[in-house]
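Q: Quick check, what structure comes out for this input:
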Amino acid sequence: MNLAGHGAVMEQTNQEGPEVNDRAVELLEQYEIEVLRTRKGRGAIVCDTSQGCMIFKEYSGSQDRIELQDRLLRQIKDAGLVNVESIMPSREGALFVRDNDGTKYVLKTWPEGRECSTHDREECLLAVRLLARLHGCMELPADAAGPSVRFFPEQEYDKHNRELKRVRKYLLQKGQKTWFEISLCNAFDAFLEQALSVTEEWRGYAALGKAAERGTFCHGDYQYHNILQGNGRWYVVNFEKCLCDNPVRDLYLLLRKLLEKGNWSVSLGTELLEAYERERPIEAASFIDLYYRLAYPEKFWKIANFYFNSRKAWIPGKNQEKLEKIIAQEQEKQYFLDQVFRNVGRFRQARP
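A: Next comes the predicted model:
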């Protein structure tokens, strides 16, 4: 393997210390590739190789998880409907390698290019269609997922609710408050009540485990950052968070991201859902699941939880902007849910 010239490049691009990246670059000797050049990317090392662009990054998961990830990626690639990354095995056939400190690294193909634009309606619709096709390739036997990659919605949302209650208690006991803390405190009761009621109603529906029983997997982090256009084609990357759950988990995340930017536009949301359903119809139970995921005030929980777990001596102005935005958008969000999911009551009664 030829690493000639990489040192100069890393010295120019690495701002955290060349010795860290140089140590990682040495691990590339364990792969059957010729590295022409390396440079620093976002949390990774970008490698120009004789086999195209690749990315070398730390991996924090388990052996079982990366084997599952590799199995899914191979299955998706074999289906030929969606372009995805591939995990490159080492000379020894390992899916990750370790440095002397035990830190794990994974080498993947990388379609260097731009992210999907959230300002381009056609690209947003394309992202939804890609997702529907992706879900059609992600069903494995039910025993393929161990407990660590199964998702149980009621457990996660109960945890979120406990965290919200803890933040509320802290704010009520706090003396002098900043403007952000006053704003957060004033909005808290309404959002907490919403979180609790949605969780209880969702739990009562009790239809959320069916997709997981069938062994349907999700990308786990399907958003525009992980939808790239490179080499004249669209790719979906970064499957590290893949897990067994109802596929609407991915659809929910993408919709929420796009609709927050689009001020919860009913026309945009309707178009996105129709684009998905033209490729992959949404079952009644999954439609209800999607409703509850959108109805839960997750963005408020994120802001409150981030505040509680960070240094409170200085609160970034961005936090205040995010809080003001979700408060201002709450009426539009509820209108969106009422309009797009106005038949949800009928669907909820038609339980399978």
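
Q: contacts, neighbours, all on C-alpha from now
A: Noted.

Q: List the beta-bridge partners for residue 55.
A: residue 46, residue 108 (DSSP bridges).

Q: Surely it is in contact with residue 40?
A: No. Applying CA atoms under 8 Å as the test, residue 55 and residue 40 come out as separate, 9.7 Å apart.

Q: of the two, who's got more company?
A: Taking neighbours as other CA atoms under 10 Å, residue 55 and residue 40 compare with residue 55 leading, 23 against 19.

Q: for the more buried one, what are its contacts?
A: By CA atoms under 8 Å, 6 or more residues apart in numbering, the contact list for residue 55 reads 44-47, 107-110.

Q: can I get these in JSON lines with pLDDT?
A: Output for the contacts of residue 55, formatted as JSON lines (pLDDT from 0 to 100):
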{"residue": "44", "pLDDT": "90"}
{"residue": "45", "pLDDT": "92"}
{"residue": "46", "pLDDT": "93"}
{"residue": "47", "pLDDT": "94"}
{"residue": "107", "pLDDT": "97"}
{"residue": "108", "pLDDT": "97"}
{"residue": "109", "pLDDT": "96"}
{"residue": "110", "pLDDT": "94"}
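
Q: and which of these is nearest to residue 189?
A: Of all these, residue 44 has the smallest distance to residue 189: 41.2 Å, by CA to CA.

Q: May I ask which helix or strand encompasses the closest residue to that closest one other than its chain neighbours?
A: Nearest residue to residue 44, sequence neighbours excluded (CA to CA, 6 or more residues apart in numbering): residue 57, at 4.6 Å. Using DSSP states H and E, residue 57 falls within strand 52-59.

Q: May I have that strand exported as CSV, CA atoms only?
A: What follows is strand 52-59, C-alpha atoms only, in CSV (Å, rounded to 0.1, in the frame of the first residue of the first chain):
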residue,chain,number,x,y,z
GLY,A,52,-12.1,5.5,-5.2
CYS,A,53,-12.9,7.8,-2.2
MET,A,54,-13.2,6.2,1.2
ILE,A,55,-13.6,7.4,4.7
PHE,A,56,-11.8,6.1,7.8
LYS,A,57,-13.5,6.8,11.2
GLU,A,58,-13.8,5.7,14.7
TYR,A,59,-16.3,3.0,15.5
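
Q: For it, buried residues please.
A: 53-59 (16 or more other CA atoms under 10 Å).

Q: Averaged pLDDT, that strand. What do you get?
A: Average pLDDT, strand 52-59: 94.

Q: Quick check: next helix or strand after it?
A: Going down the chain from strand 52-59, the next helix or strand is helix 63-79, by DSSP H and E.

Q: Could you pull out the buried residues of that next one?
A: Here helix 63-79 shows 65-66, 68-74, 76-77 as buried, counting by 16+ other CA under 10 Å.

Q: now swap in stretch 78-95 and tell me
A: Those would be 82-90, 95, for stretch 78-95 by 16+ other CA under 10 Å.

Q: What's the end-to-end length of that stretch?
A: Start to finish, the residues bounding stretch 78-95 are 19 Å apart (CA to CA, to the nearest Å).

Q: got a list of contacts for that stretch?
A: Under the contact criterion CA under 8 Å, 6+ apart, stretch 78-95 has outside partners 30-32, 66-67, 70, 73-74, 76-77, 96-97, 106-111, 130, 133-134, 137, 233-238.

Q: swap the cut-off to 6 Å and go again
A: Stretch 78-95 is contacted from outside by 30-32, 107-109, 235-237, using CA atoms under 6 Å, 6 or more residues apart in numbering.

Q: ok, so of the residues you listed, who is nearest residue 276?
A: residue 236 (16.0 Å).

Q: who's in contact with that closest one?
A: 84, 226-227.
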